[in-house]
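In: Dropping a prediction and its sequence here:
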Amino acid sequence: MRNNLSIFYQLLCFQLLVLCFQITISSSSSVTQLCSHEESVALIQFKTHFSINQTASKGCDADTISHPKTNLWKEGTDCCLWDGVSCDNITGRVISLDLSCSLLSGTIPSNSTLFHLSHMQRINLSFNDFKNSKISPEFGHFSSLTHLDLSNSWFSGSVPYEISYLSKFLLLDLSSYSVDDIVSLQPPKPILKLAKSTLAGIVQNLTEVREIYLDGIDMSSVDPKSFKNVSYSLTSLTLIGFPKSNWSSPLENLLVARTSFSGGLPESIGNLKSLQGLGIVSCNLSRSIPRSLGNLSQLRYLFLQSNHFSGKIPSSLTNLTQLTVLYITYNQLEGSIPDCPNAFPNLSTLYLSYNLLSGTTPSWLYNHPILTDLDLSNNQFTGHIHEFQHSFLQYIHFGNNKFQGSIPSSIPKLVNLRSLDLSSNSLKGTISLDMFSKLQNLSYLDLSFNSLSVSSSNELTEICNMKLLEILDLSHNNFYGNIPQCIGNFSQNLSSLNLKMNKFHGIIPPAFAKRCGLKNLNLNSNHLEGSLPRSISNCKDLEVLDVGNNKINGTFPHWIEGLSELQVLVLHSNKFHGSIGDFKNPQPPPKLRIIDLSSNNFVGPLPTSYIKNFQGMMNLDEGKVARYMGERDYSYDYSVEVVIKGLEMELVKILTIFTSIDLSSNSFEGEIPTTFGKLSSLRGLNLSHNNLTGHISPSLGNLTQLEWLDISSNKLGGQIPNELVDLTFLSFFNVSDNQLVGPIPRGKQFNTFENGSYEGNEGLCGLPLSRSCSSNVQRALPWMNSHEDDDSKLEFGWKVVAIGYGFGFIFGVAVGFVALRMGKLKWFLNLIGFR
């Protein structure tokens, strides 16, 4: 009996052990459930539609590293552990797919196995390249989907109506460019279209949605009233096109960008009482800023830049006690800034630049306890700049206004100041640069275009204490003394130094350090003497070297060959001398595209070997977008003094496609090299006032971008080559005071040049001169009687005038900036012949 009980007990224990083991296995299985074979195969097949392209995820968020997530997907492994795949912990079903920034390149057809994953709740395919393919209607059949992000992935065509079936949506992002692109005014690329019916379905069916992003989508067929009944759950909406609705939705964020609608911003915008962020950016809206914006008591961020708003800044905006950031730049606002002692108590950033604001600045700007960034530049403010009462300010830009008086003595107390721009005002008096050397965080200082001076020449040495300085512009003032010896080595951070148009004298300090970080060195129009220091070649990043209009002597600085980034070299009006030489293998800076050696004492032949290696002037325009040289992080533009079409002027902005060679007013001799004909991107060529002989090279006819050509006051003979007639951009031509003979070519631009272009050549004949050509000359030059040329003489018209007579593209842009910068609009109109 006892034995039977023992056996029974052992059997019972064994059964309990087996049961526990089964429970353990079952429990373990429920935790580590493998994804189904069908879903694993579906993902592998989905992967086969794509290749990996390193450029497919361009523009991905800076804090997200693009990498090919699908590369680690392998058959026979648990797909729930694959990169970008998430599964339900209980069922093992795939419920989330995040392939954002995965470098995918390909298309998603409607029969893709992706749509077999029926339990999907979240899909993120943003920042890939789907080759302008259409969004499949099958996306609308994921009945459990709450999040769909297809942004910035190069889909095209119409947004499928089936998207509106997804009633559980919390987030829908179909945008084609980022909010940052909108604010920075990057050009939009709308390739998706949203039909009126689709939008109506989204508004009607997506009753739980909280965030919708439609930036960059073409909604030209959409009625703005379609947004009227948008879900009350919506808290964030970005789109193109402003909905003129009487909203009372609890929206918290609204961004409207690059709209095609016109008119004003409706007063009903003030009904969105829950708004915390509002951006109406780069739209076509005009009229006044609605007073009702002052009702948005929760508003923290307000962006209204790049519109056509006019009138005054509403005083009601000062009621926005929660506002921390206010941008109303690039509009047409007038009047003064509202003066209210308790205005904007939480404001930290105020940008009002590029408007027509005027009057004196209110006292609260100087007393505000937490204001850090203040930009009033490019307006018409007057009066004095007052003393700042608090030290939190980091950014002060008051440039290009009409401020008078002296620089506030409180500046040295702004210990957090990083950027100070007081340029282009009417500030006067002597200053102590010691006031800026105390600002240890200062990286940008622009005092240009004022009437400032220093109490003594030793003051300039204080610059040496500004260790973090990156931009220093003291140009167009009355500073004097020697340039400090430290200028080339006190800071590796210094990238731009502009001391132009002052009264500096002595030599250029020779101690430019080996790790010199200068990109822009402008010492034009001072009283500097001595030689050009060879140590400048240590500044390997140098792009602009301008020492024109000084008294510098010496031979041509061949050491510039080591400056691979140099684009602009100006030695104009100095005492350089000797022959530049004709070396066998010269290597001029490959990017050099503006060179001015005029008004010196150079002799010998033109440097043929240099000229044929000016790579920066060959095919420069192909595939390049014109921009301005400068420091983009600071919106600071480089400038240069050049002679364009006989006029000496300062280009306050240098276009990257601007090219010119000026070797005038020297003693160069010999013939014009045919190698000039290789510089296909050259805009201007001036070889005047030398001792050049021989004929005008027909190869100059290859310079199809040429806008001005001056070879006057030489000893050139022979005829004017007919090849020059094909220079259709040529608007300034001067061959006066030479020994040219024969008939003047006719047709195209040559029909627009006047007598002054040819005077001083006794052997020239034909229009516009009063000397007619004899019949013997006509017979000797058969090209004059060709059918093509007859047509060109008869067909002179407005097309030719439009192409080149009106100053040319580059010259027009350049002179326009000079006129606007200096405020001399009347001079500009007179210059182009407008009466």
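Out: The structure has been received and is ready for your questions. Numbers count the residues shown, from 1 in each chain.

In: For the closest residue to residue 430 other than its chain neighbours, give me its contacts.
Out: Excluding the flanking residues, the one nearest residue 430 by C-beta to C-beta, 6 or more residues apart in numbering is residue 455, at 4.7 Å. From N, CA and C alone the C-beta is placed, and that goes for glycine too. Applying C-beta atoms under 8 Å, 6 or more residues apart in numbering, we find residue 455 in contact with 430-432.

In: out of these, which are buried?
Out: Neighbour-count burial (16 or more other C-beta atoms under 10 Å) applied to the contacts of residue 455 gives residue 431.

In: any chance of the contacts of residue 455 in a markdown table, with pLDDT and distance to residue 305 too?
Out: Listed next are these as a markdown table, based on pLDDT from 0 to 100; distance: C-beta to C-beta, whole Å:
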| residue | pLDDT | distance to residue 305 |
| --- | --- | --- |
| 430 | 92 | 38 |
| 431 | 90 | 33 |
| 432 | 87 | 37 |
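
In: so which of the contacts of residue 455 comes closest to residue 556?
Out: Of all the contacts of residue 455, the one with the least separation from residue 556 (C-beta to C-beta) is residue 431, at 38.1 Å.

In: so what's residue 763 up against?
Out: Neighbouring residues of residue 763 by C-beta under 8 Å, 6+ apart: 739-742.

In: out of those, who has the most neighbours?
Out: Of all the contacts of residue 763, residue 740 has the most neighbours under the rule other C-beta atoms under 10 Å, reaching 23 neighbours.

In: you'd agree that residue is up against residue 719?
Out: Yes. Here residue 740 reaches residue 719: they are 6.8 Å apart, a contact under C-beta atoms under 8 Å.

In: quick one: common contacting residues for the two?
Out: By C-beta under 8 Å, 6+ apart, the residues touching both residue 740 and residue 719 are residue 696.

In: which non-adjacent residue is nearest residue 451?
Out: Sequence neighbours aside, residue 428 is the residue nearest to residue 451 in space, at 4.6 Å (criterion: C-beta to C-beta, 6+ apart).

In: Now name the helix or strand holding the one you found.
Out: strand 426-431 (DSSP states H and E).

In: Tell me which other helices or strands that strand touches.
Out: When contacts are defined as 3 or more C-beta pairs under 8 Å, 6 or more residues apart in numbering; DSSP states H and E, strand 426-431 packs onto strand 404-405, strand 451-454.

In: Strand partners (parallel or antiparallel) of that strand?
Out: Strands that pair with strand 426-431, judged by DSSP bridges, come out as strand 404-405 (parallel), strand 451-454 (parallel).

In: after that strand, next one along is what?
Out: With elements assigned by DSSP H and E, the helix or strand that comes after strand 426-431 is helix 434-437.

In: how about the strands in the stretch 151-300 of the chain?
Out: Secondary structure of the stretch 151-300 of the chain (DSSP state E, counting those that start in this stretch): strands at 155-158, 171-173, 192-193, 211-214, 236-239, 253-257, 277-281.

In: quick one: the second one to chain centroid distance?
Out: On the basis of C-alpha atoms, centre = their mean, to the nearest Å, the separation between the geometric centre of strand 171-173 and that of its chain is 30 Å.

In: got CSV for the helices and strands packed on strand 426-431, with mean pLDDT and distance to residue 273 too?
Out: Formatted as CSV, those follow (pLDDT from 0 to 100; distance: least, C-beta to C-beta, whole Å):
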stretch, mean pLDDT, distance to residue 273
strand 404-405, 96, 44
strand 451-454, 93, 49
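
In: deepest of the ones you listed, which one?
Out: Most buried of those by mean neighbour count (mean count of other C-beta atoms under 10 Å) is strand 451-454; its value is a mean of 18.

In: Closest one of the contacts of residue 455 to residue 662?
Out: Closest to residue 662 out of those is residue 431 (36.0 Å), distances taken as C-beta to C-beta.

In: does the closest one really touch residue 408, like I thought?
Out: No. The pair residue 431 / residue 408 is not scored as a contact, 10.7 Å apart, by C-beta under 8 Å.

In: Which parts of this protein are helices?
Out: 2-31, 37-47, 179-183, 196-205, 364-367, 434-437, 608-611, 775-780, 787-794, 798-800, 809-822, 825-831 (DSSP state H).

In: Extract the C-alpha trace of the fifth one and format it as CSV.
Out: Looking back up the chat, that one is helix 364-367. Provided in CSV are the C-alpha atoms of helix 364-367 (Å, rounded to 0.1, in the frame of the first residue of the first chain):
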residue,chain,number,x,y,z
TRP,A,364,10.9,99.7,-23.9
LEU,A,365,13.3,98.2,-26.4
TYR,A,366,16.2,99.4,-24.3
ASN,A,367,14.6,98.5,-20.9
